[in-house]
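>>> structure of the sequence below:
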Amino acid sequence: MSQHIVAIDQGTTSTRAIIIDHGGAIVSVGQLEHEQIFPHAGWVEHDASEIWNNTREAIGQALSKANLTRHDVAAIGITNQRETAVVWDRATGKPIYNAIVWQDTRTQHLVDRIADGDVRRFAETTGLPLATYFSASKIAWILENVEGARERAEAGELLFGTTDTWVLWNLTGGTEGGVHATDVTNASRTLLMDLRSLDWDDALLEAFGVPRSMLPEIRSSAEVYGRASTHSLLREVPVAGILGDQQAATFGQAAFDAGESKNTYGTGNFLIVNTGEEIVRSEHGLITTVAYRLGDEAPRYALEGSIAVTGSLVQWLRDNLGLISSAPEVEKLALSVEDNGGAYIVPAFSGLFAPYWRPDARGAIVGLTRYVTKAHLARAALESTAFQSREVLDAADAGTDVPIAELKVDGGMTANELLMQFQADILGIPVVRPAVAETTALGAAYAAGLAVGFWESRDELRELWREDKRWEPRMSEEERERRLRLWKKAVTRTFDWVDDDSEA
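As a prediction, the model looks like this:
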């Protein structure tokens, strides 16, 4: 019997293949980073062909490290950066333009035109505000700006997908019969799907000018979509799970039921609170999304607080300012000072997402004096992640009947002990990290494993969850409120920066 699942984690900065055993333990990892392309201020792109090539190589790395072959693999699960849009030629398999990344803000003028003064115009249908974050305006931009794209799309020659669809299509054969599909979680992030029907909505397609023929079939999060092609090292292995990265992390945390939640610390931060089979609307800046759907079961929904820039702020300190030479150094540098020296960093590089939804905001460092050093800035960068998470947690508590009593966390930044302690301090509740912090890959593996009977039930998966470490709050309520007040003041300084010609 095959004793492993391969999870493909196609993320914002890298693509990984992670082999997971029946006990939920990580056996091996293959990983390659891809280029971050910034053609203009506010533009963020990836080379989709590079991503697919890296996916293939990552699979090879993981199998080689574990000394395994396809015969040892029961199924493949896919998880991915959501909202990032790829448009490619159906016949050649070549992208017609770089993938436009979820962080990209170039389409604000298009969003403003469609919103016509009401950013919640489609929220009842989609659960989402009109924002550049989601996929629809990115597709529209490509169709409007790539020569001949509109005509080719209307002729049925072009395909669209978020990166899960791009990987699935290529993995299952590409131009030779590749499966063009996505799951409900990724479809719910396009601004084109009806939350109730779980189908593409004609009125939304018309508003954004997107031909239905471009769009993948929407399927559940756990079923056999197809099998890896004969050109793959995993040939004939079923591809059986797809979840957008934040929903995958929630699934990997075994937060299957209403009221259960998690916060992921990655390129951005994402709090998800499961609301069960009920579609809950937030009046406090959170979005409504699909949490998962297993086969023919009723879908599960969630409230989400999406934060655009957290881990990528540390990358910015490294790559743009040169304050550190590697991301892990930020903790040591931050620990060399006792506090932030009065400095606050609000990383509104792509505007502010939840709970503000202010596309006019841009990043700011405030409270600077001659006293402030690079160590204070390192500490302020970490603290900004915790402050932003506090604000979305407050929004979640305001929109649900039961306040979150402890915060389950995951993602790469949870290795940062200083950040985790400050997060507990600024929240005033315990922060809990699981034994396997790679919950995004774990969730994709769980979905695929359930679909093929590798695991029997969600109860079995709950038994696999183990606590690794817990941080209790140590900060006084008075100090907590003082720092939060200063943070909120700093946030207001980022508003109204973008106007008609500020990013010309």
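>>> pLDDT wise, what is A504 at?
A504 is assigned 48 on the pLDDT scale.
>>> what does E406 give?
If you check E406, the pLDDT there is 87.
>>> can you pull the contacts of it?
By C-beta atoms under 8 Å, 6 or more residues apart in numbering, E406 lies in contact with I429, P430, V431, V432. Placement of C-beta: from N, CA and C, glycine included.
>>> not counting sequence-adjacent ones, nearest residue to it?
Closest residue in space to E406, ignoring its immediate chain neighbours: P430 at 4.4 Å, by C-beta to C-beta, 6 or more residues apart in numbering.
>>> wouldn't that neighbour be in contact with Q423 here?
No - if you go by C-beta atoms under 8 Å, P430 and Q423 don't touch, sitting 10.1 Å apart.
>>> how close does the residue nearest to E406 sit to Q421?
11 Å (C-beta to C-beta, to the nearest Å).
>>> for the two, indicate the residue with more neighbours.
Q421 (17 against 14; other C-beta atoms under 10 Å).
>>> need phi/psi at the more buried one.
Main-chain torsions, Q421, degrees, to the nearest 10: phi -70, psi -40.
>>> kindly report the same for V87.
According to degrees, to the nearest 10, V87 has phi -120, psi 130.
>>> wait, it sits on T165?
No - counting by C-beta under 8 Å, T165 is not a contact partner of V87; they are 10.9 Å apart.
>>> who are the packing partners of the longest helix anywhere in the chain?
Determined from DSSP state H, the single longest helix within the chain is helix 374-399. Applying 3 or more C-beta pairs under 8 Å, 6 or more residues apart in numbering; DSSP states H and E, one finds that helix 374-399 contacts strand 261-265, strand 269-276, strand 300-307, helix 311-319, helix 329-335, strand 344-346, helix 417-427, helix 477-492.
>>> indicate which one of those is closest to A62.
strand 261-265 (21.8 Å; C-beta to C-beta).
>>> helices or strands up against the closest one?
helix 245-252, strand 269-276, helix 374-399, strand 407-410, helix 439-451.
>>> which of these is buried the deepest?
Among those, ranked by average contacts under mean count of other C-beta atoms under 10 Å, first place goes to helix 245-252 (a mean of 32).
>>> for that helix, packing partners?
strand 73-80, strand 261-265, strand 269-276, strand 287-292, strand 300-307, helix 439-451.
>>> where does the prediction get shaky in this structure?
1, 399-402, 500-504 (pLDDT under 70).
>>> one step back: dump the helices and strands packed on helix 374-399 into JSON lines; add distance to Y446 as well.
As requested, those are exported to JSON lines (distance: least, C-beta to C-beta, whole Å):
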{"stretch": "strand 261-265", "distance to Y446": "14"}
{"stretch": "strand 269-276", "distance to Y446": "15"}
{"stretch": "strand 300-307", "distance to Y446": "14"}
{"stretch": "helix 311-319", "distance to Y446": "24"}
{"stretch": "helix 329-335", "distance to Y446": "30"}
{"stretch": "strand 344-346", "distance to Y446": "36"}
{"stretch": "helix 417-427", "distance to Y446": "24"}
{"stretch": "helix 477-492", "distance to Y446": "36"}
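>>> those: which one's closest to F160?
strand 300-307 (21.4 Å).
>>> how near is A62 to S49?
21 Å.
>>> again with W497
Between W497 and S49 the computed distance is 35 Å (C-beta to C-beta).
>>> likewise for D116?
37 Å.
>>> return the residues in contact with E57.
Contacts for E57 (C-beta under 8 Å, 6+ apart) come out as G30, L32.
>>> how far is the helix or strand hosting it from where the chain is centred?
Using DSSP states H and E, E57 maps to helix 48-66. Chain-centre distance of helix 48-66: 20 Å, with C-alpha atoms, centre = their mean, to the nearest Å.
>>> that helix vs strand 73-80, what angle?
Helix 48-66 runs at 140 degrees relative to strand 73-80, counting by axes from the mean of the first three to the mean of the last three C-alpha atoms, to 10 degrees.
>>> list the buried residues in helix 48-66.
48-52, 54-56, 58-59, 61-63, 66 (16 or more other C-beta atoms under 10 Å).
>>> out of the residues you listed, who's nearest T267?
For those, the nearest to T267 is I51 (14.8 Å; C-beta to C-beta).
>>> please consider this matter closed, and thank you.
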